[in-house]
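# Got a predicted structure plus its sequence, pasted below:
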Amino acid sequence: MSLRIGIDVGGTFTDFLVTREGDEPRIFKVLSTPSDPSIGLLAGMKEIADSMGLSLKELGASVETIVHGTTVTTNAVLTHTGAKTGLLTTEGVRDALEMRRGIREEQYNNRYTNVPPLVPRYLRQPVQGRLDYSGKAVRPLNLDDVRRALDLFRAEKTEAVAICFMNSFANPEHEEQAAELVRRELPGAYLTSSSELLPSIRFYDRVSTTVLNSYVGPKLSHYLVNLKLRLKEIGFAGVLLIMQSNGGVMSPEVANRNAALTLLSGPAAGPRAGLGYAQIHGRNSCITVDMGGTSFDAALVRDGTPIVVTEGEINRYRIALPMLGIVTIGAGGGSIGWIDQGGLLRMGPQSAGADPGPACYGKGGTFPACTDADLTLGYLDPEFFAGGKMKLDKEAAERAITEKIAQPLGLPTLEAAAGMYRVINTNMAQGVREITIKRGYDPREFLMVVAGGAGPLHACMICQELEIPMFIVPRESSIFCAAGMLMSNLQHDFVRSAVSILDRIDSKALRTLVEEMITEGTELLTQESIAEDNRRFQLAFDCRYVKQYHEVSVPVSVDAINAMALAEIRSAFHAEHNRLYGYSLESEGTPIELINVRLRALGITEKPAYRAEDYAGEDPQSALKGERRIYVPDLGELRTAPVYDGHLTRCGNRIAGPAVIEQVNTTLLVSSAFDCVSDRYGSFAVYLKGRDDLASEALRETQEEVNTLEASGETAQ
């Protein structure tokens, strides 16, 4: 009995998806334990064991793979509870963490202050020694300066050390010398060298990322030790993999050395899950959205690959490691409605959280939240929230909306709730524009995959505003990221700066650099027991026109490097620059400058195989629960609409909007402009009325099977 388990530790709940070949996936949710997330994880494992009639040790012994997403490092940065960290850096630049790039985040706000550095100034110790831009030693490293700094770190009981010297990306020698001393003098300290973590140009990006890695490293290391110990105690002897920010997974050993790779560990699995569900419908590109209790995450997948960015921020701290281009806004079920000074209705980013939560939770909350509006509009059944485990107080929801929103605006309560619903939908639609239109993509060309407990209630109106004709609500919508973890590959990203005009590049040096990066990737995949047939390598160049500041990343084949097909690389760069910015300088003959070479090493992992359902016909009557009055948002009025049990719908069942489809962990609103069909894997494909071609697409393989059976006189019932 080989089980695979995806585990996503969130702020409120820890989600589990359990798969086994030939069986339906099983979903579990338990409360998270922020003080030690491994406690909540083990509580979930116990619940899984009980449901299967096994002891905890029997379950542990039967688990083949666990893929785990963690918020340990994210929370450490958000709450400033990371390790006490010391920084060794080149004399004269120790204030780079405060000076940053010299660009104020809010240019016209004279009162806006920089975020406090993670390393206080007295622990940012200058070291004499200097390398020039090419890596040549202009001044030798002063090891006495390093020793004096380490004496201070020892006296101050620092838990971690970061080393980042000027131009060390071109020559790691000085950092290696300093690191050797740190290991000898402070053997218990967590150590990060920028030349190992991020050997690329741009000093501030490099020093900030290096400090972040050391700041969160001890906390993640402690957590992983506890986690492995607890799993060993329950008999787990399988493979443990950790989700990383770039959408891949890695071994705990790699995660321990490169803790900053987990800063977006949880939400990074969402786009991978979205791609899996999109491919079922013959699509290789999609938009994924995940609306939870506090936030709304949106990401884009294009041509089978989630969009990755190589620079970003977490809690205003710069990080330059590859991560999925996820946009997160404060829009969730707990987002609070309020009136601003201009008398306009706003939703979020403030959240009621889980405790006290929205007013309807009956835990003392008095502020109206998105969930209160959904309940008032009839989308939620107060007796069936979380499958009936939690009763909602509709009167409390209406009272909060009336007092805080309706009366100040002079509106009836229902219209105030409808206004809250419209505003938060508009906010989320804007979040989707951030990852599509602002990056040069048309959202109308993409399938949307909708996740989260609250997402399916709002998806129709988001899609209507963006003119997206179809979206999918996966069966595992409420534990979307846990599902994505089981669909992810092992992945390692490498970068090397190689600044040169493209037409003057040293071909031999470039090939040698690429070969070295491939060798490094191969060694990691070998350590992780990835067979040679399951290894993939993807190259990209970061290029720009001469005198530009920002680069554009373009994929490059290894064959193009070997053949030095510069015309092919130039053409790809011009096309991508034109797509992003609406122009290229190809006709002017402006030289192209190569800045970085990037390599992605992939280890293809086994994916869960979901069992397809037989076609059961279009009639959904067997899933009908009843009717209730709901506010139909695109009509702006109350209507009586059918309510269906989502767990009882079968492949091929078609539901015409307006309608409500209820499941234990989520509810789907089908507005009057959309219809819905249940696909062969238990997910819901929601499409614009009249677009029967999209419904046929969702059932393409099933319909072909049905036609074959009908032709032979058989049925698929």
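Sure, I can see it.

# Which of the three states applies to the closest residue to residue 456 other than its chain neighbours?
Nearest residue to residue 456 in three dimensions, chain neighbours excluded: residue 668, at 3.9 Å (C-beta to C-beta, 6 or more residues apart in numbering). C-beta: built from backbone N, CA, C; applies to glycine. Put simply, residue 668 is strand when judged by DSSP: H, G, I helix; E, B strand; the rest coil.

# Number of residues surrounding residue 668?
Using other C-beta atoms under 10 Å, residue 668 has 24 other residues around it.

# go on, the one 10 residues further on?
In terms of burial, residue 678 registers 28 neighbours under the definition other C-beta under 10 Å.

# Please tell me how far it sits from residue 615.
10 Å (C-beta to C-beta, to the nearest Å).

# next one: residue 648
Distance from residue 648 to residue 615, counting by C-beta to C-beta: 16 Å.

# Same drill for the two, tell me which one is more crowded.
The residue with more neighbours, out of residue 648 and residue 615, is residue 615; 21 against 14, by other C-beta under 10 Å.

# For that one, grab phi and psi.
phi -70, psi 130 (degrees, to the nearest 10).

# My understanding was that it contacts residue 653; is that so?
No. Between residue 615 and residue 653 there is no contact under C-beta atoms under 8 Å: 9.9 Å.

# list the contacts for the residue nearest to residue 456?
Neighbouring residues of residue 668 by C-beta atoms under 8 Å, 6 or more residues apart in numbering: 456, 457, 459, 473, 646, 660, 661, 662, 676, 684, 686.

# go on, residue 448?
Counting by C-beta under 8 Å, 6+ apart, residue 448 touches 286, 287, 288, 289, 432, 459, 462, 463, 468, 470, 471, 472.

# part of a strand, is it?
Yes. Counting by three-state DSSP, residue 448 is found in a strand.

# Do a quick rundown of the helices in the stretch 101-250 of the chain.
Counting by DSSP state H, counting those that start in this stretch, the stretch 101-250 of the chain has helices at residues 143-155, 173-185, 194-197, 203-233.

# With mean neighbour count as new columns, can the ones you listed be given to me in a markdown table?
Listed next are the helices of the stretch 101-250 of the chain as a markdown table, based on neighbours: other C-beta atoms under 10 Å:
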| stretch | mean neighbour count |
| --- | --- |
| helix 143-155 | 16 |
| helix 173-185 | 18 |
| helix 194-197 | 23 |
| helix 203-233 | 22 |
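
# Quick one: these as CSV, columns for mean pLDDT too.
Shown next, in CSV, are the helices of the stretch 101-250 of the chain (pLDDT from 0 to 100):
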stretch, mean pLDDT
helix 143-155, 95
helix 173-185, 95
helix 194-197, 94
helix 203-233, 93
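
# Dump those to CSV, plus distance to residue 83.
Formatted as CSV, these follow (distance: least, C-beta to C-beta, whole Å):
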stretch, distance to residue 83
helix 143-155, 12
helix 173-185, 14
helix 194-197, 16
helix 203-233, 4
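
# To residue 518, which of those lies closest?
When these are compared by C-beta to C-beta, helix 194-197 sits nearest residue 518, at 17.7 Å.

# Pull the residues that contact that closest one.
Applying C-beta under 8 Å, 6+ apart, the external contacts of helix 194-197 come out as 162-165, 168-169, 172, 175-176, 206-207, 209-210, 213, 258, 260, 321.

# what residues go with each domain of this protein?
Domain segmentation of the chain under automatic domain parsing yields 490-603, 621-711.

# among those domains, where is the model least confident on average?
When the domains of the chain are ranked by mean pLDDT, domain 621-711 comes last with a mean of 86.

# just the strands in the stretch 251-400 of the chain please.
In the stretch 251-400 of the chain, the segments counted as strands under DSSP state E, counting those that start in this stretch are 286-291, 296-302, 305-306, 308-309, 312-314, 317-319, 323-324, 327-329, 335-339, 345-351.

# Can I get the ones you listed in JSON lines including distance to residue 224, mean pLDDT and mean neighbour count?
As requested, the strands of the stretch 251-400 of the chain are exported to JSON lines (distance: least, C-beta to C-beta, whole Å; pLDDT from 0 to 100; neighbours: other C-beta atoms under 10 Å):
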{"stretch": "strand 286-291", "distance to residue 224": "25", "mean pLDDT": "93", "mean neighbour count": "29"}
{"stretch": "strand 296-302", "distance to residue 224": "25", "mean pLDDT": "91", "mean neighbour count": "26"}
{"stretch": "strand 305-306", "distance to residue 224": "25", "mean pLDDT": "87", "mean neighbour count": "20"}
{"stretch": "strand 308-309", "distance to residue 224": "25", "mean pLDDT": "86", "mean neighbour count": "17"}
{"stretch": "strand 312-314", "distance to residue 224": "20", "mean pLDDT": "82", "mean neighbour count": "16"}
{"stretch": "strand 317-319", "distance to residue 224": "20", "mean pLDDT": "89", "mean neighbour count": "22"}
{"stretch": "strand 323-324", "distance to residue 224": "20", "mean pLDDT": "88", "mean neighbour count": "26"}
{"stretch": "strand 327-329", "distance to residue 224": "25", "mean pLDDT": "84", "mean neighbour count": "18"}
{"stretch": "strand 335-339", "distance to residue 224": "33", "mean pLDDT": "93", "mean neighbour count": "22"}
{"stretch": "strand 345-351", "distance to residue 224": "30", "mean pLDDT": "89", "mean neighbour count": "19"}
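
# out of these, nearest to residue 34?
Closest among those, using C-beta to C-beta: strand 345-351, at 16.1 Å.

# hmm, back to that, mind putting the strands of the stretch 251-400 of the chain into JSON lines with distance to residue 421?
Shown next, in JSON lines, are the strands of the stretch 251-400 of the chain (distance: least, C-beta to C-beta, whole Å):
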{"stretch": "strand 286-291", "distance to residue 421": "13"}
{"stretch": "strand 296-302", "distance to residue 421": "14"}
{"stretch": "strand 305-306", "distance to residue 421": "30"}
{"stretch": "strand 308-309", "distance to residue 421": "31"}
{"stretch": "strand 312-314", "distance to residue 421": "31"}
{"stretch": "strand 317-319", "distance to residue 421": "35"}
{"stretch": "strand 323-324", "distance to residue 421": "29"}
{"stretch": "strand 327-329", "distance to residue 421": "16"}
{"stretch": "strand 335-339", "distance to residue 421": "10"}
{"stretch": "strand 345-351", "distance to residue 421": "9"}
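
# Of all the ones you listed, which one comes closest to residue 366?
Smallest distance to residue 366 across the strands of the stretch 251-400 of the chain (C-beta to C-beta): 10.2 Å, for strand 335-339.

# what angle separates that closest one from strand 345-351?
Counting by axes from the mean of the first three to the mean of the last three C-alpha atoms, to 10 degrees, strand 335-339 lies at 140 degrees to strand 345-351.

# Between strand 296-302 and strand 335-339, find me the angle.
Strand 335-339 and strand 296-302 are oriented at 110 degrees to each other (the same axes, to 10 degrees).

# Which strands or helices does strand 335-339 pack on?
Helices and strands touching strand 335-339, by 3 or more C-beta pairs under 8 Å, 6 or more residues apart in numbering; DSSP states H and E, are strand 345-351, helix 370-376, helix 413-435.
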